[in-house]
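Show me the folded form of this:
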Amino acid sequence: MSSDITLYGRSTVDPTEPDPVVDQALAVFTSVHEACTLVDPDSPLMQANARPDQWHVVPLVLLAAVREAHRAYQRTGGRFDPRIVGDQMRLGYDGSPPFTDGGVANGSGGVARGPLPRWTPRFRYGRRLELHLGGLPIGLGGIGKSLAVRWASEELQEHFEDFLLDAGGDCYCEGTGPEEDGWRVGVDDPFGGDLPLAVLAVTDKGCATSSVLSRNRPAGSSDARRLIDPTTGLPGGDGLMVVVVLDDDPTRAEVATKDLFLGGADEIESAARAQRMAALWVTTEGDVGTSQLLESFVVWRAR
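Reported below is the predicted structural model:
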């Protein structure tokens, strides 16, 4: 998933000794990666993508991930759509990570291709689990990682009351953390400043980030990437650099960041208010905005 997976927490277990609970939770990431990766041509997802107009026997983790992606597609009216794999390639995706369903591609050129047809994947449950992608290949990177955070956190919640599971932009914060009023989550400065733009105190919530940045380089550099608007096939999110969303569920937070981002800087405040989202955003002008629901989580801001 092109991310380091880090777990912070309090435990009576010797940290130098293997912990079966932690190992089982972290193994969730391996399971999701093996089923949903686009890097391995033999992965279950790539096998289904090779013939997206046919039925395929798939593992439960892939079926669950595609069903969750379809729910997100329906919830956002198509603004979240994992079928933009072809657009990523067309707009200059070079095969290096991150390769996600969020519509991440190099460059900003190209010609609008118009909206995709309605997405109607199909699912069969029985002795064998079967999946029909509905005719076009998909990518599950971003939502797959957030699902791994959700599922791994559910494993950990059965044994720990206080932990932070971080998967590079997607995290879940359980309990109060060392400060006793919430785990501290910093929002990095997309313009390269040493200090974060804001620090949030987060308890019992997921946190997700969508950004135009790649490898911490600013937009406009050769490594900058843009989120693709599924309705056009072209980069969207005018005027925005970063969007952060807090939600009880890390997968809903992940989907919401992309939904809000694609609306652009002119729409994000009203969209966050209408959808009752706890959101923070950074514009290309360097301004930091927050929705009313996010304000209570801010413990420090740079400006």
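
Now do the strands in the stretch 101-250 of the chain.
104-106, 122-124, 130-132, 163-166, 170-174, 183-187, 198-202, 205-211, 225-229, 234-235, 240-247 (DSSP state E, counting those that start in this stretch).

how about these, which one is nearest Ala265?
Nearest of those to Ala265, taken as Cβ to Cβ: strand 240-247 at 5.1 Å. For glycine as for every other residue, the C-beta is placed from the backbone atoms N, C-alpha and C.

what's in contact with the closest one?
187-188, 190, 200, 202, 205-213, 219, 253-254, 256-257, 260-261, 264-265, 268, 277-284, 294, 297 (Cβ atoms under 8 Å, 6 or more residues apart in numbering).

one step back: closest one to Val61 among the strands of the stretch 101-250 of the chain?
strand 130-132 (11.4 Å).

how close does the closest residue to Ala148 other than its chain neighbours sit to Val149?
Nearest non-adjacent residue to Ala148, counting by Cβ to Cβ, 6 or more residues apart in numbering: Val32, 4.2 Å away. Separation of Val32 from Val149 (Cβ to Cβ, to the nearest Å): 10 Å.

Against Val299, how distant is the closest residue to Ala201 other than its chain neighbours?
Residue nearest to Ala201 in three dimensions, not counting chain neighbours: Gly182, with 3.2 Å by Cβ to Cβ, 6+ apart. Look at Gly182 and Val299: by Cβ to Cβ, they are 8 Å apart.

what does Asp162 give?
Separation of Asp162 from Val299 (Cβ to Cβ): 18 Å.

How about Glu161?
In this view, Glu161 and Val299 are 21 Å apart by Cβ to Cβ.

again, but for Val28
30 Å.

more crowded one of the two?
Comparing Val28 with Val299 by other Cβ atoms under 10 Å, the one with more neighbours is Val28, at 22 against 15.

Would you check that that one makes contact with Arg150?
No - the pair Val28 and Arg150 does not pass the contact test of Cβ atoms under 8 Å, sitting 9.1 Å apart.

related to what we said a few turns ago, who touches both of Gly182 and Val299?
Shared contacts of Gly182 and Val299 (Cβ under 8 Å, 6+ apart): Leu200, Ala201.

was I right about Pro59 contacting Leu45?
No - counting by Cβ under 8 Å, Pro59 stays clear of Leu45, with 9.9 Å between them.

out of these two, which sits in the busier spot?
Taking neighbours as other Cβ under 10 Å, Pro59 and Leu45 compare with Leu45 leading, 26 against 16.

Now do the contacts for the more buried one.
Contacts of Leu45 by Cβ under 8 Å, 6+ apart are Ala35, Cys36, Thr37, Leu38, Leu62, Ile138, Leu140.

okay, now Ala272: neighbour count?
Ala272 has 26 neighbouring residues, counting by other Cβ under 10 Å.

Could you look up the SS state of it?
helix (DSSP: H, G, I helix; E, B strand; the rest coil).

measure it to Asp247 for me?
12 Å.

Can you give me the pLDDT of Glu180?
pLDDT, Glu180: 88.

what about it, distance to Arg10?
Separation of Glu180 from Arg10 (Cβ to Cβ): 12 Å.

just so I have it, where are all the helices in the stretch 201-303 of the chain?
Secondary structure of the stretch 201-303 of the chain (DSSP state H, counting those that start in this stretch): helices at 250-263, 268-274, 292-295.

Can you list the buried residues in the second one?
By that I understand helix 268-274. By 16 or more other Cβ atoms under 10 Å, the buried positions in helix 268-274 come out as Ile268, Glu269, Ala271, Ala272.

which of the residues you listed sit farthest apart?
Glu269 and Ala271 (7.3 Å).

sorry, back to before: among the buried residues of helix 268-274, which one lies nearest to Arg83?
Distances from Arg83 to the buried residues of helix 268-274, taken by Cβ to Cβ, are shortest for Ala271, at 22.6 Å.

what sits against that closest one?
Going by Cβ under 8 Å, 6+ apart, Ala271 touches Asp259, Leu260, Gly263, Met277.
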